[in-house]
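1. kindly generate the corresponding structure for this input.
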Amino acid sequence: MSAKRAKPGPRSAERRDRLVEAGYRTLVRSGLAGARTREVATEAGITVATLHYYFPTKDDLVRAVLEYTIRDRLLAPLELETDWGDGMAALRTMLTGLAQQAEADPGQFRLLSDMNWAARGDPALRTMLAEWHGGWHAAITGWLRAGRRDGRVRDDLDLETAAAMIVYLVLGMVMRPPMPAGVDSRLADELDRLLTPPAPPTD
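-> Sure thing, here's the model as predicted:
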């Protein structure tokens with residue numbers, strides 16, 4: 001017999017959001033593999049049966065937490081939904097903003113790393129992550145294209161490949177590997193220099 005699902009409605013949506021936030025806090029604290037639905041229920045101040053009314057399985061909750069982590073914890077503070085005419089400004093905002101987030105709240109990035117590995121065995125999670133990374137890659141490609149129109153990105157770059165390299169750069173950056181002091185603060189400037197067309201030779 002399948003578990004009943006919560007009926008849609010404002011009150012149901014509000015409680016669901018609170019449960020997702022409790023799930024996020026629990027997964028950050030205990031890790032994806034270590035967290036249990038009972039722990040999430042305790043964090044939210046409800047019974048396990050009530051939790052399962054909204055999320056019949058732990059996988060259902062994990063997918064909801066992934067969406068919340070990306071949309072509300074990661075992207076919303078960057079305000080990248082703005083229609084950026086200046087692609088290079090958008091790229092700098094992303095780099096500096098994510099570096100600051102990784103310093104202030106590393107738990108969300110540990111959780112995303114866990115989810116990337118878990119997605120290998122979870123097709124639904126893999127699809128969600130692929131859609132997110134695909135949209136992120138497309139946004140960066142668009143920013144680079146805008147920068148090229150402004151004459152601030154080299155003509156000889158394959159923009160889609162360059163965008164993929166930037167995604168990998170950011171993923172490495174937010175994992176906080178031990179690096180020389182001050183490197184993070186110089187990343188955006190150095191990336192600008194790599195992308196900018198060389199100055200014409202002077203006579």
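2. show me the contacts for the residue nearest to the spatial centre of the chain.
-> Residue closest to the average C-alpha location in the chain (C-alpha atoms, centre = their mean): I70, at 4.2 Å. I70 makes contacts with 112, 132, as judged by C-beta atoms under 8 Å, 6 or more residues apart in numbering. For the C-beta atoms, the positions are set from N, CA and C on the backbone; glycine is no exception.
3. hey, where'd the helices end up in the protein?
-> Counting by DSSP state H, the chain has helices at residues 10-30, 37-44, 48-54, 58-68, 87-104, 107-118, 123-149, 159-174, 183-195.
4. possible to save those as TSV with mean pLDDT, mean neighbour count and distance to P77?
-> Shown next, in TSV, are the helices of the chain (pLDDT from 0 to 100; neighbours: other C-beta atoms under 10 Å; distance: least, C-beta to C-beta, whole Å):
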stretch	mean pLDDT	mean neighbour count	distance to P77
helix 10-30	89	17	15
helix 37-44	94	18	23
helix 48-54	93	17	26
helix 58-68	91	19	13
helix 87-104	86	18	7
helix 107-118	89	18	11
helix 123-149	91	16	15
helix 159-174	90	16	13
helix 183-195	83	13	17
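5. how about JSON lines for these, with distance to A76 added?
-> Shown next, in JSON lines, are these (distance: least, C-beta to C-beta, whole Å):
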{"stretch": "helix 10-30", "distance to A76": "13"}
{"stretch": "helix 37-44", "distance to A76": "22"}
{"stretch": "helix 48-54", "distance to A76": "22"}
{"stretch": "helix 58-68", "distance to A76": "10"}
{"stretch": "helix 87-104", "distance to A76": "11"}
{"stretch": "helix 107-118", "distance to A76": "12"}
{"stretch": "helix 123-149", "distance to A76": "14"}
{"stretch": "helix 159-174", "distance to A76": "16"}
{"stretch": "helix 183-195", "distance to A76": "21"}
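6. any idea how the chain splits into domains?
-> As assigned by automatic domain parsing, the chain contains the domains 1-56, 65-195.
7. and the longest one, how far out from the chain's middle?
-> With C-alpha atoms, centre = their mean, to the nearest Å as the basis, the distance from the averaged C-alpha position of domain 65-195 to the chain average is 8 Å.
8. do stretch 36-55 as well
-> Mean-position distance between stretch 36-55 and its chain equals 25 Å (C-alpha atoms, centre = their mean).
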